[in-house]
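Undergrad: I'll drop the sequence and a predicted model, then ask my questions.
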Amino acid sequence: MSSLIRSPLFLVLALWAAGLGAAAQFAKIVVIFPELQAHYGQAGAASGYLVSLISFVGMALGLVAGVMAIQIGLRRLLVIGLSLGAVISAWQSTMPGFEAMMLSRFFEGLSHLAIVVSAPTLISQFATQRHQGAALTLWGTFFGVAFAVVALGAPPLIEAYGLGSLAFFHAIYMAGFALLVSAVLPSHDRTAAPAWPSLREIARRHLTVYASPFIAAPALGWLFYTLTFVSLLAILPAMIDPSQRAMVTAAMPLASIASSLTLGTWLLRRLQAIQVIITGFCLAVFLALALITLGVSAWLVIALFASLGLVQGASFAAVPQLNPGLPERALANGGLAQMGNLGNGMGTPIALAILSLGSDLGLPLFLITSYTAAIITHLLLARMRKARSSI
């Protein structure tokens, strides 16, 4: 039994399941958002910060979490993130006042960052070389899977036990995984770390990270992915025939998960992760062009999300392929968190502003521009890596 729970497969699955708890920090608010608005009597921008405050924390502190992982160790940072998340959810289950709930969401942003930086870095450490791509592709599904589970489980839960029960269940889940990972993960994951950096050093490290074609590549491509992914989830269902709207709403994230775990995993055994990312973006450009000529349709939208699924898993798989050292991987995952939150925060307002112009070409051109920019960015960074390697 001891050998089973210490096996790479068990450790990867445990880390992925811990990641579901991090994704649920978004899902537990989004899924019951109308009920929370009614409870607090808040509407518009004020209540929207219940969702977006975590993203703002990620924008500001994504790389700081990567620095913390280097300083205190990945395992310790993960346990702290899960434990803090459990305490915060337990407090939220009491349904405190609106201002107190907002404050709790700020600290929950810190918990979220700690998990999404440390867990994929640990997965890349524990997965065998042969299965590393598949393991990180699995990690890439954590957001979609968590949203699907919470969307299914939340309505009967809050109907039976009240609005605070979802946060209470989440607190139990986070506490359970804090105990599990502290018990099964090797405890000696900390190497000799330098002294804690100053604020000036942290700012300088941001410049160093984003100037590196190795560390920054996954994050810079991820920015263009997140710029459109969440905004499309929010906007496209309203553009679909009402009779197909519910099916499309569920099928979009599921299509990205399915393509990531099947075609994406198959391609990662044959191609480098960056090549898979570029392939996904190229397919997405083609499908965005089809939106111009054919118009928005259910199956075209689902196919677009399937193409983005290739980007989803391969972006995480690119981190260990480009960065052999754990400190660099931690910083790269911090960059992914930072750019992902930036894209999530900017994407929907940009897309809504484009739609308000009233042109049918606006949204497809936004997609084509974003995905083409991602392809060009990855090709330029690949050229920079090749030039550095030849020196």
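TA: Structure received. Residues are numbered from 1 along each chain as shown.
Undergrad: Tell me which helix or strand residue 182 sits in.
TA: Using DSSP states H and E, residue 182 falls within helix 165-184.
Undergrad: The host helix or strand of residue 229 - contacts with which helices or strands?
TA: Using DSSP H and E, the element containing residue 229 is helix 217-235. With contacts taken as 3 or more CB pairs under 8 Å, 6 or more residues apart in numbering; DSSP states H and E, helix 217-235 sits against helix 242-259, helix 273-294, helix 298-322, helix 326-355, helix 362-389. To be clear about C-beta, it is placed using only N, CA and C from the backbone, and glycine gets the same treatment.
Undergrad: Make CSV out of these and add mean pLDDT, distance to residue 109 and mean neighbour count.
TA: Listed next are the helices and strands packed on helix 217-235 as CSV, based on pLDDT from 0 to 100; distance: least, CB to CB, whole Å; neighbours: other CB atoms under 10 Å:
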stretch, mean pLDDT, distance to residue 109, mean neighbour count
helix 242-259, 83, 22, 18
helix 273-294, 96, 27, 20
helix 298-322, 93, 20, 24
helix 326-355, 85, 9, 22
helix 362-389, 94, 25, 17
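Undergrad: mind putting those helices in JSON lines, distance to residue 93 included?
TA: Converted to JSON lines, the helices and strands packed on helix 217-235 look like this (distance: least, CB to CB, whole Å):
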{"stretch": "helix 242-259", "distance to residue 93": "27"}
{"stretch": "helix 273-294", "distance to residue 93": "39"}
{"stretch": "helix 298-322", "distance to residue 93": "31"}
{"stretch": "helix 326-355", "distance to residue 93": "25"}
{"stretch": "helix 362-389", "distance to residue 93": "38"}
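Undergrad: Quick check: which of those is nearest to residue 77?
TA: Between residue 77 and the helices and strands packed on helix 217-235, the tightest spacing by CB to CB is seen for helix 326-355, at 8.8 Å.
Undergrad: Find me whatever residue is spatially closest to residue 334, sequence neighbours aside.
TA: Nearest residue to residue 334 in three dimensions, chain neighbours excluded: residue 66, at 2.6 Å (CB to CB, 6 or more residues apart in numbering).
Undergrad: Now do the buried residues in the helix holding residue 229.
TA: For helix 217-235, the neighbour count (16 or more other CB atoms under 10 Å) marks 217-233, 235 as buried.
Undergrad: follow-up on the earlier one: so which of the helices and strands packed on helix 217-235 gets nearest residue 20?
TA: Nearest of those (CB to CB): helix 242-259, 12.6 Å.
Undergrad: what angle sits between the closest one and helix 298-322?
TA: On the basis of axes from the mean of the first three to the mean of the last three CA atoms, to 10 degrees, helix 242-259 is oriented at 20 degrees to helix 298-322.
Undergrad: Tabulate the CA atom coordinates of helix 242-259 in PDB.
TA: C-alpha atoms of helix 242-259 as PDB (Å, rounded to 0.1, in the frame of the first residue of the first chain):
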ATOM      1  CA  PRO A 242     -31.800  28.900 -28.400                       C
ATOM      2  CA  SER A 243     -32.700  25.200 -29.000                       C
ATOM      3  CA  GLN A 244     -29.000  24.300 -29.000                       C
ATOM      4  CA  ARG A 245     -27.700  26.800 -26.400                       C
ATOM      5  CA  ALA A 246     -27.700  24.500 -23.400                       C
ATOM      6  CA  MET A 247     -25.900  21.800 -25.300                       C
ATOM      7  CA  VAL A 248     -23.300  24.200 -26.600                       C
ATOM      8  CA  THR A 249     -22.600  25.700 -23.200                       C
ATOM      9  CA  ALA A 250     -21.800  22.300 -21.800                       C
ATOM     10  CA  ALA A 251     -20.000  21.000 -24.900                       C
ATOM     11  CA  MET A 252     -17.500  23.900 -25.300                       C
ATOM     12  CA  PRO A 253     -15.300  23.200 -22.200                       C
ATOM     13  CA  LEU A 254     -15.800  19.500 -22.600                       C
ATOM     14  CA  ALA A 255     -14.600  19.600 -26.200                       C
ATOM     15  CA  SER A 256     -11.400  21.300 -25.100                       C
ATOM     16  CA  ILE A 257     -10.800  18.700 -22.300                       C
ATOM     17  CA  ALA A 258     -11.500  15.800 -24.700                       C
ATOM     18  CA  SER A 259      -9.200  17.000 -27.400                       C
END
